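*Asks:* Next one to model:
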Amino acid sequence: MTSKIKIHFLGTADAIPSERRNHLAVLLNYEGENILFDCGEGTQRQIRKAKLNPCKITKILISHWHGDHVLGLAGLLSTLSLSGYNKTLNIYGPKGFKRNFEDMIRLFHFEKTYKINVEEVLGRFFENEDFYLEAAPVDHTISCNSYNFVKKATIRIDKAKLKKYKIKEGPHLKEIKKGKDITYEGKKYKAKDLIFEDKGKKVSFIVDTKYKKELYEFAKEADLVIAESTFSAELEKEAQEKMHLTSQQAAEIAKKSKSKKLVLIHLSARYEANTKQILDEAKKVFKDTVIVKDLDVLDI
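*Replies:* All right, here's what the predicted structure looks like:
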């Protein structure tokens, strides 16, 4: 079975939360990894509402040090201490992030019972056999990163086939994974009948930036682009001045990057009663666009 990426949209508002939308936070789950993108005010309550366990978070990726993206961080870290968190928590951010983080720790005196590793990142900053993470700077009023999660294409053994043919664990499985045929208990098996390709997947997380063509390459051929849509098309000038994206610009990034699907987040409260306007504008440029609500879950 192909490994799934599950994405929990914990908060989808912009700088001012609404009755229905919390400050920004998105949790990506894949094979035991739980990666939190941004941590706006109220994130840990959203985690509880989603019936998730905060102690399963493995990494936190912060786009920038504006309140609607980080004000939930101190409370979440304190909760982890009080909840017996016992892993090393890796937290990543843009240039200048580490000093802000250290200042925050000094201001909020909680008992830290676990190790926190903080890094300022650009380019590919984490990689293992299954996936890698990469960051790119975007143009905002302060230092800000966008992030990619990329699941590598891998060859996997079909466990259902192993069960069917009663092939047990052993060194012969490594040979199968390499594409080599085997003989097991006197019977020959072709590797191609026992393996399948678990295709690669890419998720691009793009928030708080003015429109720039470099994002086409960053999000290139993403399976999912999660992008801010703070302004409608008629407010493009204001979006440029405040270094944010319009709905059409987010759609243009998805289209020009040849991505498969676009999710709009970071919606201004001014559109709370009429999200259809934002969605329709984006769909004119990129058809496969959706707007999510808080606590929506998407599998890719």
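
*Asks:* Show me what secondary structure element comes after the helix or strand of the chain with the lowest mean pLDDT.
*Replies:* One helix or strand of the chain scores below all others by mean pLDDT, DSSP states H and E: strand 195-198, with a mean of 80. Moving toward the C-terminus from strand 195-198, the next helix or strand (DSSP states H and E) is strand 201-206.

*Asks:* Which residues does that next one contact?
*Replies:* With contacts defined as Cβ atoms under 8 Å, 6 or more residues apart in numbering, strand 201-206 is touched by 5, 7, 26, 28, 37, 61, 63, 138, 146-151, 215, 218-219, 221-228, 245, 250, 253, 257, 259, 300. The C-beta positions use only the backbone N, C-alpha and C, and glycine is treated the same way.

*Asks:* And the residues you listed, which of them are buried?
*Replies:* Buried subset of those (neighbour count, 16 or more other Cβ atoms under 10 Å): 5, 7, 26, 28, 37, 61, 63, 138, 146-151, 215, 218-219, 222-228, 245, 250, 253, 257, 259, 300.

*Asks:* Mind checking which of these are in helices?
*Replies:* By the criterion of DSSP state H, membership of those in helices covers 215, 218, 250, 253.

*Asks:* What's the separation between the first one and residue 112?
*Replies:* Right, residue 215. Residue 215 sits at a distance of 36 Å from residue 112 (criterion: Cβ to Cβ, to the nearest Å).

*Asks:* and the nearest residue to residue 119 once chain neighbours are set aside, how many neighbours?
*Replies:* Spatial nearest neighbour of residue 119, chain neighbours left out: residue 92 (5.3 Å); criterion: Cβ to Cβ, 6 or more residues apart in numbering. The number of residues packed near residue 92 is 21, by other Cβ atoms under 10 Å.

*Asks:* Just the element for residue 92, please.
*Replies:* strand 89-93.

*Asks:* For whichever helix or strand comes after that strand, list every residue counted as buried.
*Replies:* Moving toward the C-terminus from strand 89-93, the next helix or strand (DSSP H and E) is helix 97-107. By 16+ other Cβ under 10 Å, the buried positions in helix 97-107 come out as 97, 100-101.

*Asks:* From the contact counts, what lies against helix 97-107?
*Replies:* helix 73-82, strand 89-93, strand 116-120 (3 or more Cβ pairs under 8 Å, 6 or more residues apart in numbering; DSSP states H and E).

*Asks:* before we move on, back to that, how about the ones in helices among the buried ones among the contacts of strand 201-206 in JSON lines, adding pLDDT and distance to residue 49?
*Replies:* Output for these, formatted as JSON lines (pLDDT from 0 to 100; distance: Cβ to Cβ, whole Å):
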{"residue": "215", "pLDDT": "97", "distance to residue 49": "31"}
{"residue": "218", "pLDDT": "98", "distance to residue 49": "31"}
{"residue": "250", "pLDDT": "98", "distance to residue 49": "26"}
{"residue": "253", "pLDDT": "98", "distance to residue 49": "30"}
